[in-house]
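S.K.: need coordinates for the following:
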Amino acid sequence: MSDGVELAPHRFAVNRLGTLRYHRADAHAAAWRAAGHTAAGIPELPPGAERLAMLADLAALPG
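M.R.: Here you go, the predicted model:
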């Protein structure tokens, strides 16, 4: 690690996966906001074209 602290492999993996979970959640929230929704309203959104379009936008993100 760049700070000179060595982590056990499993702790390193947990750390990185936790970071990715937050990044993923932020990406979802940004996609919902861009489509005019809030996190509270997403479960009420019926299956269909709008929901699929948001998922497609997320899949197209770099990284």
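
S.K.: which parts of this protein are helices?
M.R.: Under the criterion DSSP state H, the chain contains helices at 9-34, 49-59.

S.K.: what about the residue lying closest to residue 58 once chain neighbours are set aside, neighbour count?
M.R.: Sequence neighbours aside, residue 31 is the residue nearest to residue 58 in space, at 5.3 Å (criterion: CB to CB, 6 or more residues apart in numbering). No exception for glycine: its C-beta is placed from N, CA and C like everyone else's. Residues lying near residue 31 (other CB atoms under 10 Å) number 18.

S.K.: pLDDT score assigned to the residue nearest the centre of the chain?
M.R.: Geometric centre of the chain, nearest residue: residue 24, 1.3 Å, by CA atoms, centre = their mean. What the model reports as pLDDT for residue 24 is 86.

S.K.: can you check the one 4 residues further on too?
M.R.: The model reports residue 28 with a pLDDT of 86.

S.K.: what sits against residue 32?
M.R.: The contact partners of residue 32, by CB atoms under 8 Å, 6 or more residues apart in numbering, come to 38, 39, 41, 42, 54.

S.K.: switch to 6 Å and redo it
M.R.: Residues near residue 32 by CB atoms under 6 Å, 6 or more residues apart in numbering: residue 42.

S.K.: remind me which residues of the chain are low pLDDT?
M.R.: Where the chain drops to pLDDT under 70, the residues are 1-5, 61-63.

S.K.: pull the number of nearby residues for residue 27.
M.R.: 14.

S.K.: for residue 9, see how far away it is.
M.R.: Note on residue 27: its distance to residue 9, by CB to CB, to the nearest Å, is 27 Å.
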